[in-house]
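1. using only what follows, build the 3D model:
(one chain, ligands or ions: 2)
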Amino acid sequence: MHHIAKLILASSLLFAPIANAQTPPAAFAPGVEASIAQVLPHMLAWRRDFHEHPELSYEEVRTARVVAAHLRALHLDEVRTGVAVTGVVGVLRGGRPGPVIALRADMDALPVTEEVDLPFASRVRGRYNGQDVGIMHACGHDTHVAVLMATASVLAERRAELAGTVIFVFQPSEEGAPPGGLGGARRMLAEHVFGDLHPEAIFGLHAWPQASGTVKIMSGPFMAGSDRLRISVIGRQTHGAQPHRGIDPIVISSQIINALQTIPSRQMDAVGSPVIVTIGSIHGGVRYNIIPDRVEMEGTIRYLNPETRDDLYARVRRTVDDIAASAGATAEVSIESNAIPVVNPPELTARARAALARMLGEGSVQGGAPGMVAEDFAFFQQAVPGVFFYYGVNPPGVSPTEAAPNHSPRFFVHEPALETALRAMLAVTLDRVGPAQP
Ligand SMILES: [Zn+2]
Ligand SMILES: [Zn+2]
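-> Residues are numbered from 1 along each chain as shown. Ligands and ions are numbered 1, 2, ... in the order given. Alright, predicted model coming up:
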């Protein structure tokens, strides 16, 4: 590419969406474009406000209040609050008959202390697991909420033309279920989030460190299933100099940790069934010359292929139980599902991808490989055919490998990317309930 062309392309990244020359983005109907232009500054202001006031899972009280007030001001047909503790649901009925579509945004922040130098950086602190922590929108959920509020604004202004119904789902607690409880998506579903409506499709998006102005969408497995693994190894306490008088759970645990790594590397299909087993904590013993009674370990299991799951669980249990038994110890294994894999159904995804390519430009729509991070949007996909995709948040010139990952204290969203996210949400929605595209 000629270097001038490169410069032009680089500077055009400032203004989402970008497109390649062959397939420029299409404009929405003039009325929609006018609504977009009008809502843009508000969307950025909402996002900054949420960013400055992050709230942990199931504590999204202020966020939910702002969202509910906004939806009521738009005179939606229905606004329900307190769905799954702090969740908010809005229903917009268009002026003409048509399908029901659901759009979802998650609202919670993380126990992370912000290190980004922004005028609206979070200085909020709170308590998490009994510890004093900083709180930060380190996963970009502040942008998801602002984008969906803006989507609601645009659609509410065009309601007479809409052929169908749109449900806006503002979900709490995506980042993890409380111990023994349900995460936000599962809890909203348990509390009949859609009421007596039956959406034919649900869409969600996520901020992701790739080029601003782009989206990433793919059919099939897209994000991993995520489980919490707990292992107790129960031996028998003895003197550190007389191991034969007891059963050493520490040596057994070390064998278990190593053997667990052979499940992904030796037992599963590396391409067809990618799997990760990570032990993230291990606790046992109080003194250098005492072999303790028991060791407790915790970790996470990730898998991309839903058909892999039961087999994987069985292999983890067998590995732990049999190694413990080989030494005369016993073991307890518990596996708790946080999220199942996000799997985008081919037909629905192809149609959404075409709508995104039309409205953002073909060059702005990426494919690529799935990842091993998780999202509880997957539970909505169990109930309703759904598509989940990423929108890029990197500033121009920052590559995906240089950018701080989600959950980092340096996670950063280049704000012009929010317009791409808004246009993407409108593209997939109006493709189904909108007036005919030009
Ligand atoms: Zn996250
Ligand atoms: Zn997230």
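2. can we go C-alpha only for contacts and neighbour counts from here?
-> Noted.
3. just give me the longest helix of the chain.
-> helix 30-52 (DSSP state H).
4. which residues touch it?
-> Here helix 30-52 makes contact (C-alpha atoms under 8 Å, 6 or more residues apart in numbering) with 27, 63, 120-124, 136-137, 142-143, 145-147, 149-150, 153-154, 157-158, 415, 418-419.
5. which ones among those map onto helices?
-> Applying DSSP H to the contacts of helix 30-52, the entries found in helices are 63, 142-143, 145-147, 149-150, 153-154, 157, 418-419.
6. just the pLDDT for the residue positioned nearest the centre of the chain.
-> For the chain, the residue nearest the mean C-alpha position is Glu375 (3.8 Å; C-alpha atoms, centre = their mean). pLDDT, Glu375: 97.
7. what helix or strand is it located in?
-> Assigned by DSSP states H and E, Glu375 belongs to no helix or strand.
8. would you enumerate the residues in contact with it?
-> By C-alpha under 8 Å, 6+ apart, the contact set of Glu375 is Glu174, Glu175, Met223, Ala224, Ala339, Ile340, Pro341, Val342.
9. and the gap between it and Ile340?
-> Computed as C-alpha to C-alpha, to the nearest Å, the Glu375 to Ile340 distance reads 8 Å.
10. got the phi/psi numbers for His75?
-> Per-residue torsions, His75: phi 60, psi 50 (degrees, to the nearest 10).
11. quick one: residues contacting the closest residue to it other than its chain neighbours.
-> Leaving aside its sequence neighbours, His75 sits nearest to Ala156 (C-alpha to C-alpha, 6 or more residues apart in numbering; 8.0 Å). Ala156 sits next to Leu74, His75, Leu76, Leu92 when contact means C-alpha under 8 Å, 6+ apart.
12. run a quick neighbour tally on the first one.
-> By other C-alpha atoms under 10 Å, 17 other residues sit near Leu74.
13. now do the SS call for Pro405.
-> Of the three states, Pro405 takes coil under DSSP: H, G, I helix; E, B strand; the rest coil.
14. any idea how far it is from Ala352?
-> Taking C-alpha to C-alpha, one finds Pro405 at 26 Å from Ala352.
15. the two: which is more packed in?
-> Neighbour count, other C-alpha under 10 Å: between Pro405 and Ala352, Ala352 has more, with 25 against 16.
16. before we move on, the earlier item: got the CA coordinates for the longest helix of the chain in CSV?
-> C-alpha atoms of helix 30-52 as CSV (Å, rounded to 0.1, in the frame of the first residue of the first chain):
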residue,chain,number,x,y,z
PRO,A,30,-32.1,9.5,6.9
GLY,A,31,-34.3,9.5,10.0
VAL,A,32,-32.1,6.9,11.6
GLU,A,33,-28.9,8.7,10.7
ALA,A,34,-30.3,11.9,12.2
SER,A,35,-31.2,10.0,15.4
ILE,A,36,-27.7,8.5,15.5
ALA,A,37,-26.1,11.9,15.1
GLN,A,38,-28.2,13.3,17.9
VAL,A,39,-27.6,10.5,20.4
LEU,A,40,-23.8,10.2,19.9
PRO,A,41,-22.7,12.9,22.4
HIS,A,42,-25.2,11.5,25.0
MET,A,43,-23.9,8.0,24.5
LEU,A,44,-20.3,9.1,25.3
ALA,A,45,-21.5,11.1,28.3
TRP,A,46,-23.4,8.0,29.6
ARG,A,47,-20.4,5.8,29.1
ARG,A,48,-18.1,8.2,31.0
ASP,A,49,-20.6,8.5,33.8
PHE,A,50,-20.8,4.7,34.1
HIS,A,51,-17.0,4.4,33.9
GLU,A,52,-16.6,6.8,36.8
